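Undergrad: A predicted structure for the sequence below; I have some questions about it.
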Amino acid sequence: MLFEFSFPKNYEARVLESEPPVHPVEKLYHYPVELEEGDRSGVYVRVVPQQGPAWAGFFAQGFDSSQVLSAVCSCPDADSVCVIAGGYAYVVKANDPARWFRINQQPVAELRVLTRQDLALFAGFTTITALGREGVAWTTERLSWEGLRLGGTVGDTLRGMAWDAISDKEVPFEVDLKTGKHSGGASPVTLPQN
């Protein structure tokens with residue numbers, strides 16, 4: 001489990017070893033709210049906001065794989081906490097745990113925090129989603145056939161490498177961190193249907 005708290009936060013959060021005991025004041029929330037049969041594994045996190053009561057959350061795990069990320073991290077919005085459980089990223093208001101959403105980038109394989117740009121980047125195997133203060137800022141178009149490596153940033157440009165199956169090698173790409181528009185990379189071409 002990765003812990004990344006580079007952004008300022010208005011809460012404390014910690015992973016629990018097991019389901020918390022029944023507590024008369026602290027409520028247990030489930031993410032997603034309606035758990036399916038496959039959602040029996042996940043992570044418990046206890047959150048203590050600066051304003052409001054403490055609570056615990058069960059975050060259903062997406063995948064049991066070493067290729068996806070599990071983490072607890074702060075967000076550009078200091079009142080939100082992000083929990084990534086087996087590649088599924090949930091963003092929850094720490095002082096109002098009924099307000100939450102799941103980042104559509106699934107699974108999340110890499111997290112990159114860019115405090116200067118006020119963005120948290122969630123990289124999957126083919127695209128990248130950016131979270132800003134107001135929520136999801138952008139998602140790139142497909143950058144790769146199946147595999148990304150994030151590189152460094154130069155100004156407001158993110159560089160990285162994407163897998164190109166046709167040439168059987170990695171090729172470079174660049175993403176504008178303000179818009180999510182990219183150049184370079186590689187992805188399958190969709191042929192028109194006859």
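TA: Received, thanks.
Undergrad: shaky segments in the protein?
TA: The chain contains residues with pLDDT under 70 at 35-39, 189-194.
Undergrad: mind running it again at 90?
TA: For the chain, the stretches flagged by pLDDT under 90 are 18-26, 33-41, 105-106, 146, 165-167, 187-194.
Undergrad: Span of stretch 19-28 from start to end?
TA: Counting by C-alpha to C-alpha, to the nearest Å, you get 9 Å between the two ends of stretch 19-28.
Undergrad: ok, the nearest residue to residue 12 once chain neighbours are set aside - how many residues close by?
TA: Closest residue in space to residue 12, ignoring its immediate chain neighbours: residue 48 at 4.6 Å, by C-beta to C-beta, 6 or more residues apart in numbering. Backbone N, C-alpha and C define where each C-beta goes, glycine included. Neighbourhood size, residue 48 [other C-beta atoms under 10 Å]: 14.
Undergrad: From residue 162, how far out is residue 48?
TA: To residue 162, residue 48 is 40 Å away according to C-beta to C-beta, to the nearest Å.
Undergrad: just residue 9 next, same as before
TA: Distance, residue 9 to residue 162, using C-beta to C-beta: 32 Å.
Undergrad: Looking at these two, which has the bigger crowd around it?
TA: Remark: of residue 9 and residue 162, residue 162 carries more neighbours, 23 against 20, as counted by other C-beta under 10 Å.
Undergrad: May I have the residues that are in contact with residue 105?
TA: By C-beta atoms under 8 Å, 6 or more residues apart in numbering, residue 105 lies in contact with 89, 122, 123, 124, 127, 128, 129, 139.
Undergrad: so who does the last one touch?
TA: Residues near residue 139 by C-beta under 8 Å, 6+ apart: 104, 105, 127, 128, 129, 130, 180.
Undergrad: Enumerate every residue touching residue 176.
TA: Contacts of residue 176 by C-beta under 8 Å, 6+ apart are 156, 157, 182.
Undergrad: Just grab the bridge partners of it for me.
TA: residue 157 (DSSP bridges).
Undergrad: Quickly note the distance from it to residue 94.
TA: Taking C-beta to C-beta, one finds residue 176 at 31 Å from residue 94.
Undergrad: same deal with residue 171?
TA: On the measure of C-beta to C-beta, residue 171 and residue 94 end up 40 Å apart.
Undergrad: who's more crowded, these two?
TA: Between residue 171 and residue 94, counting by other C-beta under 10 Å, residue 94 is the more crowded of the two (26 against 15).
Undergrad: Skip the chain neighbours and tell me the closest residue to the more buried one.
TA: Among residues not flanking residue 94 along the chain, residue 11 sits closest, at 3.8 Å (C-beta to C-beta, 6+ apart).
Undergrad: Roughly how far does that neighbour sit from residue 146?
TA: Shown here: residue 11 relative to residue 146, a distance of 36 Å by C-beta to C-beta.
Undergrad: Could you check which of those two is surrounded by more residues?
TA: More crowded of residue 11 and residue 146, by other C-beta under 10 Å: residue 11, with 20 against 13.
Undergrad: No further queries at this time; thank you.
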